[in-house]
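> The amino acid sequence is not available; the structure is as follows:
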Ligand code: CAA
């Protein structure tokens, strides 16, 4: 297939890129562009050229897969130089998303026109790299260093009108883009407009402290990432060096990143995020049930969050509670949340009113009779779930999907409370449900294929990243969270402090450590879980009863102002001598001699125990692929994006390294906690990875 074509419309040469789905600038496209531009330059009948793309978008960047296989010539920068050095005007005609190398192509042209809806940006930083085809040098010269810096280091696209204001776009085209772009080219020729070569402009910096100020402003948000800081260096070079030298600097900074583990991890996340929503073995054309209205049961924090998600995307919700007081409280939270967004200027008052009008409160199950999907978010107790699902079985219409938000209970048992287990599915939202992106959908043994497909589709519609998992206690996320918490308590008992454990995990890249997370989630939840499962615990787990001791003091974490840490009214954590004392006494009572524990041991014990559990999860088929586990941990539990998720990270370490450490800890701490999963052992011995 020819991915770039050249045609003539009078004196205008039209270069069309047609490389679906997103016109990525693959080797074939670069070669085609080079040939077409050369042809246009050589053809004396051609006086100007327009570069345009077929399909849904202007080029959305380099072909990211080529970073893995290695780029082949021609490279993009010389093709862009060819365009820029042409004496005939070249105009880029933008629609859809002109991103990355696509935007760099546009910057290499002398003029840019765009449809009003086009978006333009340099999102490379989100892949752990920087624009490597002159973008960091041309954009600051075109729109000034400050605006370019923000675009390049943060990676968010801007609208066509914003680009016009800043000078990155010359004209917004109303109506047909091709006609508009050709008319613009004719105008350039008629007016004999001088060619505007971005490389020959000067990058303006108004504020001499711009780069220092900006670097410190992103220090917290971009902690741990390499790429944003290299982006800053590259833009700075545009303000200090001639173009050619700036491009060399950009190249060096780009190469530093493109082969880094960080960028590999971020590219892995890019593709996995798209792959994960597809269920292996389920045909892509599986029919989807029509969801026009949703019922939510329970107006606690979870139910409220789910109701907000539905109303946010325009789906009517019936919110059911058992008593008026709880219902009123839930509705008040909903109103407060929206009012907060209005106050911050993120939501218009009329949108708040529209969303509120979509939520119908009720105390009667009968009002769920028309719902296409009901999501239950009531107390985590099988007897309570039985009551709810028996009622739903009676009142819901045939074909309605009955979903549970349970985070631990057995979905198959819940489904068996109904006469329609094929319609029952798990939809495990993460708190706060209106904010967290992850949605763990759970397939029961009898869940129908179209229910699975619908759960994924509605998850996406609600703005979530839906990942399908199988039934087991805690599913994927919480099942891996629990052994990490167990190790954290063991480490406390053996000599570590809460701050040391949390700091080690924070430095690894988590937004907070496991103990601070437990405080945030509520220690009472883990405590309750511990009590319910007490008989199944190993003797050491039973004896390591720090959680009991802390909770017995009424310290349930952030919500009670104290847990493992103490909290002020703004929920800032501080170490508590009382807890430190309690831990030291606990070790003494248990006859454990406290020792110095290295950060490396903390990291290994907290992370490898998860990786080992992940391997068991894969073996059992609870997660279909390692990428499902990785996306759950990146999008639901704050695993650093630049490490790609626990399974990808394990591969980067090398499974042999992980396996050897597991054997060491098995020796030190016992096989009941550290026996390597057979899959991990097998892969390590074969020198393979999870991927
Ligand atoms: N390279 C390879 N494949 C790409 C791609 C790219 N740049 N961009 C998208 N795709 C693939 C996706 O993986 C997806 O494949 P599957 O259908 O097999 O899953 C398909 O194209 C469609 O993509 P989306 O599902 O994401 O479609 P969308 O309409 O929701 O979004 C988009 C379209 C906004 C362009 C989005 O795909 C996107 O953000 N793409 C990446 C843009 C980007 O980061 N560009 C910079 C690349 S790096 C670069 O250009 C470096 C340089 O300096 C030269």
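Yep, it's here. From a predicted model like this one, the values you see are computed outputs, not experimental measurements. Numbers count the residues shown, from 1 in each chain.
> Going by C-alpha atoms from here, please, whenever you check contacts or count neighbours.
OK.
> Tell me if residue 617 really is in a helix.
Yes. Assessed by DSSP: H, G, I helix; E, B strand; the rest coil, residue 617 belongs to a helix.
> Leaving out sequence neighbours, find the closest residue to it.
Excluding the flanking residues, the one nearest residue 617 by CA to CA, 6 or more residues apart in numbering is residue 623, at 6.0 Å.
> and the nearest residue to residue 88 once chain neighbours are set aside, what pLDDT?
Once flanking residues are discounted, residue 88 sits nearest to residue 48: 5.1 Å by CA to CA, 6+ apart. Note for residue 48: predicted pLDDT of 98.
> Likewise for residue 206?
Listed pLDDT for residue 206 reads 89.
> On the three-state scheme, it is what?
Here residue 206 is recorded as coil under three-state DSSP.
> Run a quick neighbour tally on it.
The local packing of residue 206 (other CA atoms under 10 Å) involves 10 other residues.
> Tell me the spacing between it and the ligand.
27 Å (CA to the nearest ligand atom, to the nearest Å).
> Equivalent analysis for residue 484, please.
From residue 484 to the ligand the distance is 32 Å (CA to the nearest ligand atom).
> Need the pLDDT of the closest residue to that residue other than its chain neighbours.
What sits nearest to residue 484 in space, not counting adjacent residues and going by CA to CA, 6+ apart, is residue 606, at 5.0 Å. What the model reports as pLDDT for residue 606 is 98.
> can you tell me if the helix or strand in which residue 32 is found touches the ligand.
If you go by DSSP states H and E, residue 32 is part of helix 27-42. No. Helix 27-42 does not reach the ligand (CA under 6 Å from any ligand atom); its nearest approach is 10.7 Å.
> After that helix, which helix or strand is next? Please name it.
strand 48-53.
> I'd like to know which elements that next one is packed against.
Here strand 48-53 touches strand 12-17, strand 90-94, helix 177-191, going by 3 or more CA pairs under 8 Å, 6 or more residues apart in numbering; DSSP states H and E.
> so residue 289, which of the three states?
Under three-state DSSP, residue 289 falls in the coil class.
> Look up the pLDDT of it for me, please.
Residue 289 carries a pLDDT score of 98 in this model.
> rewinding a little: so for the helix holding residue 32, mean pLDDT?
Mean pLDDT, computed over helix 27-42, is 98.
> next one: stretch 216-233 to chain centre, how far?
Here stretch 216-233 is found 18 Å from its chain centre; the criterion is CA atoms, centre = their mean, to the nearest Å.
> Please identify the buried residues of it?
224-233 (16 or more other CA atoms under 10 Å).
> interface residues of the stretch 1-150 of the chain facing the ligand?
Contact residues, the stretch 1-150 of the chain versus the ligand (CA under 6 Å from any ligand atom): 21-22, 24, 60-65, 97, 99-101, 123-124, 131-133.
> which residues are contacting stretch 624-637?
Contact partners of stretch 624-637, identified using CA atoms under 8 Å, 6 or more residues apart in numbering, comprise 269, 272-273, 276, 280, 430, 436-440, 465, 467-469, 476-477, 614, 618, 623, 639-641, 644-648, 690-691.
> can we see that at 7 Å?
272-273, 276, 430, 436-438, 467, 476-477, 618, 623, 639-641, 644-647, 690 (CA atoms under 7 Å, 6 or more residues apart in numbering).
> Look at the residue of the stretch 401-550 of the chain found nearest the ligand and give its secondary structure.
Residue nearest to the ligand within the stretch 401-550 of the chain: residue 460 (11.2 Å; CA to the nearest ligand atom). Assigned with three-state DSSP, residue 460 falls in the helix class.
> what's the closest residue to residue 287 other than its chain neighbours in contact with, if anything?
Spatial nearest neighbour of residue 287, excluding adjacent residues (CA to CA, 6+ apart): residue 450 at 5.6 Å. Neighbouring residues of residue 450 by CA under 7 Å, 6+ apart: 286-289.
> which residues does the residue lying closest to the residue of the stretch 401-550 of the chain closest to the ligand once chain neighbours are set aside contact?
Closest residue to residue 460 apart from its sequence neighbours, by CA to CA, 6+ apart: residue 466 at 6.5 Å. Applying CA under 7 Å, 6+ apart to residue 466 gives the contacts 277, 438-441, 456, 459-460.
> Just the pLDDT for residue 70.
87.
> ditto for residue 525
Reported pLDDT for residue 525: 85.
> List the buried residues for the host helix or strand of residue 271?
Per DSSP H and E: residue 271 is located in helix 261-275. Across helix 261-275, burial judged by 16+ other CA under 10 Å covers 261-270, 272-273.
> Which residues of the chain lie near the ligand?
By the rule CA under 6 Å from any ligand atom, the part of the chain lying against the ligand is 21-22, 24, 60-65, 97, 99-101, 123-124, 131-133, 271, 274-275.
> same thing but 8 Å
With CA under 8 Å from any ligand atom as the criterion, the chain meets the ligand at residues 20-22, 24-25, 57, 59-66, 76, 97-102, 104, 122-124, 126-127, 129-135, 270-271, 274-275.
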